[in-house]
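Participant: quick one, what's the 3D model for this:
(chains A, B and C)
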Amino acid sequence: MGKKVLLIEDEPNIIEAISFILKRDGWIVATHADGTTAIAAVERHAPNVVVLDVMLPGRSGYDVLQDLRSVDATRSLPVLMLTARGQTKDREMAERLGASRFMTKPFSNKEVLACIQELVQA
Amino acid sequence: MQPFNILIAVCLAYVMALFLIAFVADRQAKRGQLGWLRSPLVYTLSLSIYCTAWTFYGAVGYAARSGLEFVTIYLGPTLVMVGWWWILRKLVRIGRSQRITSIADLISSRYGKSNLLGVIVTLMAVIGTTPYIALQLQSVTLSFAVFAQETSSSGWGASDLNATALWVAAGLALFTVLFGTRNLDSNERHYGVVTAIAAEAVMKLFALIAVGVFVVWGVAGGAGDILTRIDASPIAGWDIKPGRWVSLTLLSAVAFLTLPRMFQVMVVENVDERHLATASWAFPLYLFLMSLFVVPIAVVGLDLLPAGSNPDLFVLTVPLSQGRDGLAIFSFLGGFSSATSMVIIAAIALSTMVSNHIVMPIWLSVSQQGATVSGDVRQVVLMARRISIALVLALGYAYFRLSGGGTALAAIGLISFVGVAQFLPALLGGIFWRGATKVGAAAGLLTGFVLWAFTLFLPSFGSSFILPASVLADGLFGINWLRPQGLFGVSGMDPLVHAIFWSLALNTIAFCVGSLASFPKPQERLQGAQFVNVFDHNPNSQGWFSGAAEAEDLLVMAQRILGPKQAQDLFAQAAERQGKAGFLPDTSPEFLQQLERELAGSVGAATGHAMIGQIVGGASVSVDDLMAVADETAQMMEYSSQLEEKSAELGRTARQLREVNEQLTDLSVQKDAFLSQISHELRTPMTSIRAFSEILRDGGMSGDEREKYATIIHDETLRLTRLLDNLLDLSVLENGQVELDLQPVELADVIERSVMRAGIEDGLNIQRDLLREKVTVFTDPDRLSQVFINLIANARKYCAAQAPELRIEVRVQGGSVEVDFKDNGAGIPIKSQAVIFEKFSRLGDHRAAGGAGLGLAISREIMNNLGGSITYLPGQSGAAFRVSLPIDATEVVRVNQS
Amino acid sequence: MNERRAPLFLERESYRQRRAIDAARLLPLVGFVALCLPILWGNGETDAGADGARMTSVGVIYLFGVWIVLIGAALVLSRRLRRIDAEQGTPD
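Facilitator: Prediction:
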């Protein structure tokens, strides 16, 4: 049984790309494109790992991450953060808030896949 | 009994009566029963010391020699008295409020309590008054001699005359010491002496009137006969010398103010300012009566007595020649009174000056321990006074012996007048001109004094005494211009008028120039203000800071100067005023000031100041210090205000810097945000491109999929290109480097083209009013179209209504056109309205729009460049934008681009 | 009405007082001129014995006349001024 990934991202083409890569590797991929309802989506889908974009409509990825980490159920849920703003302070922010991994767009497909696999195995 | 012996007896009785009067008056004053002692009558009569033996005997002699000229000596004082509101009122007020003890004290006090001036004035007064005292001694001895020659055959030799003078001087000294230095009163008032003087005034007036009445009605046949006799006499013709007439009138007026003894009775002994009002007419009346019979006596004397008789003694010799011994004795007593009263007051005035301005300062500086030593300073002061009195009389006697008693009485009197008249500029300048300074006063006094001595005083001794005859004839150093009686080539002038003119003129000039050229010390300015404005405010010179000055020390000192009882009373009163009855008063500045005044009343302003200064010492601050502190404070305030100004300036600069810094920070934040945005906008399509190109490279997918992904990559590259185009466009627009292609164009055409290009095929209903769009504008149609397209595209993208609709309304408003784009969607939330024109400001989910959020920012820049604007219209049903542009953009654009 | 009249009265009074002060200041000047007037009389030196000559007897009458007038004026003024001084202290 494949592991489940929840992809929270608002850029359609990027959703398409990541979904393709993960499905090809045998993952079950759920997607969500809105920041405000992201927590509910996590609860609903109960994924093994979450891929979270920072720039989301409505609510930023950081806020979502903060909420995830404040609840016991999702405190240790692996979260891979993706951002298009590749600045140091964004990485620091993500680490402080408890992101499991942090990657800058554009990314290598292999790296993303390897990263997600790692997160689930760990 | 021989008349001479009777004379001696009467004389002694009179003197004893005087002593008694003085004694009783003093006793009464001590008991506080002042009563008639402080009546205006006594004050007026005390002023009569102006009429000395010179008046009593000399006036008749003067009239016998020069006719009516003698009267000028009385007219001057009359004018001063009737004009009391001018000067005397002020002098008396100042004298009372500042507790002035003498004219030297007044001048010293006025010019910053300067002891130097006190010394100068004192010395001048002594030198000027000594001949005058000699004159009195001479008159008394001469009158004695008259009786002696008349009645005894034994004859009077010169030695007898000298002996008489000595006795008289000694007697006067005794009287003055007894009644003039009984107490060291802070008011410096001598009730006993003044009362005795008043009695003497009555005596001399009655004596002269008695002789006059005898002459007019006893010898001549009444007033009419006297006038006839005058016309028949050698002085029938009135040989008036205009220069002398005016000068002498003015000189006597001045001397009346400046004679130390006049100052003593007029100002110092004044107990009530209102007495001055009475004296203003009563004293002229006294002078009038004293002068009334002078001419008749002179005329009758010239008529009756053998030629060569001394006219100065007509007052005595006329009654004697008529066998009226009683009248003659009465007359003698009048003359005696005149002489003694003058000497007594002059001695008191001079001794006060000498002790306060010369002896006490010397004693204070010599005595190591200063004012705090044990021992009675009061005794020192009194002793100084007594010695001074003796000294003054001794000087008078010495002058009498030296001068040989040969000079006509009037001459000595006038010389003395001119001498003391030198005080006038310093005195009047001091009370009327705040700009008068110590330097000016000293310069004027010394100049006047030197000129007086050179032109009048020294020549009066006759040639070969002090001034050699050669100097008198040929001038100093043989320079003709420096002849004592023809100074600066002025010749043909009466020597007296010459001396008055030069001494007072140069004195005044030196005084004025010195004052103008020098800068007064703070204390001088303070005192000057107090003197000049004595009527304006209560005198409250700031003298002392309260400090560690011990009340005990002050009391010890005050007791020694004021006497134990008076000092203790003073302290008790002060304590009571401070609400500390029964204890010593606090040494408050007010109290110290009052105490200084009291002391000044006894020892003079300068000495009083110095004595308090010694005790209060370091704990106190003199006016000098106070003013210095004030100056310093002023400087510090100025400095601090400068600092304040500078700090305000610094504050402003800091604020500016802060603003600039904020702007820079803002810019930096904006730049960061912009870069971050750019990064995001670039990375997003890049991510898709990279991801899908990797997927494609991996291969193993269907043709459909491959085509789909390739399309995505293609679209994303277009998006990237568009983004870069927009960024470049924005950059160009923002820098104003855009090249506009201005041309006349119909607005309808531009809108038409825009609608076509915006691609609204998917059903946005556009409503236009073509008629209104027929406006020709002069603008860049392509750029304007770009704005319109953006707005139409936005409406297409964001209008969420079921039947999207966009109304385009055109309106000409003055010199500009407004084009409104209103859709029927939800509009833009108020909080977002402010940011929609910012770069990368995308609202909601915009991915569908495929833009980078630069459209409105670019539109705004375009409109700026076209001289117009684009604004969001709030409060409409949907989103509404208004584009406003000038009908002719030429002007605006030119301005913008230059 | 009373309130209004009182200051009016004072106004007039203080006006009179001020003129009294003026008179007191003027008096010595007038006196000086009057007393120096004989200088301008016809000169007796040049033509001795002439009728226009200055005579001592005339001078006596004139000078003492002026003198007594001055005294009288000073007496009148001093009464007034003494009251002013007592009332207001500083009229100037």
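
Participant: how about the nearest residue to the residue in chain C positioned nearest to chain B, chain neighbours excluded?
Facilitator: As assessed by Cβ to the nearest Cβ, chain B sits closest to C:Pro28 within chain C, at 3.0 Å. C-beta: built from backbone N, CA, C; applies to glycine. Among residues not flanking C:Pro28 along the chain, B:Gly83 sits closest, at 3.0 Å (Cβ to Cβ, 6 or more residues apart in numbering or on different chains).

Participant: quick check: which element contains B:Asp820?
Facilitator: strand B:816-823 (DSSP states H and E).

Participant: for that strand, buried residues please.
Facilitator: For strand B:816-823, a neighbour-count test (16 or more other Cβ atoms under 10 Å in any protein chain shown) marks B:816-823 as buried.

Participant: so the spatially most central residue of chain A: helix, strand or coil?
Facilitator: In chain A, the centroid-proximal residue (Cα atoms, centre = their mean) is A:Val51; its distance is 1.4 Å. Following DSSP: H, G, I helix; E, B strand; the rest coil, the label given to A:Val51 is strand.

Participant: OK, contacts around it?
Facilitator: Contacts for A:Val51 (Cβ atoms under 8 Å, 6 or more residues apart in numbering or on different chains) come out as A:5-9, A:18, A:79-80, A:82, A:112, A:116.

Participant: select from the residues you listed every entry located in strands.
Facilitator: A:5-8, A:79-80, A:82 (DSSP state E).

Participant: still on that earlier bit, just send the contacts of A:Val51 back as CSV, with distance to B:Val343 and pLDDT too.
Facilitator: As requested, the contacts of A:Val51 are exported to CSV (distance: Cβ to Cβ, whole Å; pLDDT from 0 to 100):
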residue, distance to B:Val343, pLDDT
A:Val5, 135, 92
A:Leu6, 132, 92
A:Leu7, 132, 92
A:Ile8, 127, 92
A:Glu9, 128, 89
A:Ile18, 134, 91
A:Val79, 125, 91
A:Leu80, 128, 91
A:Leu82, 125, 88
A:Val112, 132, 90
A:Ile116, 134, 90
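
Participant: re earlier: need the buried residues of strand B:816-823 in CSV with distance to B:Asp586 and pLDDT, can you?
Facilitator: Converted to CSV, the buried residues of strand B:816-823 look like this (distance: Cβ to Cβ, whole Å; pLDDT from 0 to 100):
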residue, distance to B:Asp586, pLDDT
B:Ser816, 83, 86
B:Val817, 88, 89
B:Glu818, 85, 90
B:Val819, 89, 91
B:Asp820, 86, 90
B:Phe821, 89, 90
B:Lys822, 88, 89
B:Asp823, 90, 87
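
Participant: just these now: which is nearest chain C?
Facilitator: B:Ser816 (69.9 Å).

Participant: residue contacts, the closest one?
Facilitator: Neighbouring residues of B:Ser816 by Cβ under 8 Å, 6+ apart: B:868, B:884-887.

Participant: measure it to B:Ala857 for me?
Facilitator: Applying Cβ to Cβ, to the nearest Å, the value for B:Ser816 to B:Ala857 is 22 Å.

Participant: so B:Ala421 makes contact with B:Phe256?
Facilitator: No - counting by Cβ atoms under 8 Å, B:Ala421 stays clear of B:Phe256, with 9.8 Å between them.

Participant: just to revisit the earlier point, how about the buried residues of strand B:816-823, which pair is most distant?
Facilitator: B:Ser816 and B:Asp823 (23.1 Å; Cβ to Cβ).

Participant: any idea how far the closest residue to B:Tyr399 other than its chain neighbours lies from B:Gly58?
Facilitator: Once flanking residues are discounted, B:Tyr399 sits nearest to B:Ala134: 3.9 Å by Cβ to Cβ, 6+ apart. Between B:Ala134 and B:Gly58 the distance, using Cβ to Cβ, works out to 13 Å.

Participant: show me where chain A has its helices.
Facilitator: A:12-24, A:38-45, A:61-70, A:72-75, A:88-97, A:109-121 (DSSP state H).

Participant: I'd like these as CSV, with mean neighbour count and distance to chain B appended.
Facilitator: What follows is these, written out as CSV (neighbours: other Cβ atoms under 10 Å in any protein chain shown; distance: least, Cβ to the nearest Cβ, whole Å):
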stretch, mean neighbour count, distance to chain B
helix A:12-24, 20, 3
helix A:38-45, 17, 14
helix A:61-70, 19, 12
helix A:72-75, 11, 25
helix A:88-97, 15, 9
helix A:109-121, 16, 5
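
Participant: out of the ones you listed, which gets nearest to B:Gly112?
Facilitator: Of all the helices of chain A, it is helix A:88-97 that lies closest to B:Gly112, at 77.4 Å by Cβ to Cβ.

Participant: point out the other helices and strands that that closest one packs with.
Facilitator: helix A:61-70, strand A:79-83, strand A:101-104 (3 or more Cβ pairs under 8 Å, 6 or more residues apart in numbering or on different chains; DSSP states H and E).

Participant: one more time with 6 Å, if that's ok
Facilitator: helix A:61-70 (3 or more Cβ pairs under 6 Å, 6 or more residues apart in numbering or on different chains; DSSP states H and E).

Participant: hmm, who's touching stretch B:326-337?
Facilitator: The contact list for stretch B:326-337 (Cβ atoms under 6 Å, 6 or more residues apart in numbering or on different chains) reads B:7, B:10, B:14, B:53, B:56-57, B:143, B:200, B:203-204, B:207-208, B:210-211, B:214, B:315-316, B:319-320.

Participant: for that stretch, C-alpha coordinates in CSV please.
Facilitator: This file holds the C-alpha atoms of stretch B:326-337, laid out as CSV (Å, rounded to 0.1, in the frame of the first residue of the first chain):
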residue,chain,number,x,y,z
GLY,B,326,22.6,148.4,73.9
LEU,B,327,21.7,148.2,70.3
ALA,B,328,25.3,147.7,69.4
ILE,B,329,25.6,144.8,71.8
PHE,B,330,22.4,143.3,70.4
SER,B,331,23.9,143.7,66.9
PHE,B,332,27.1,142.1,68.1
LEU,B,333,25.2,139.1,69.4
GLY,B,334,23.5,138.9,66.0
GLY,B,335,26.9,138.8,64.3
PHE,B,336,28.2,136.4,66.9
SER,B,337,25.3,134.2,66.2
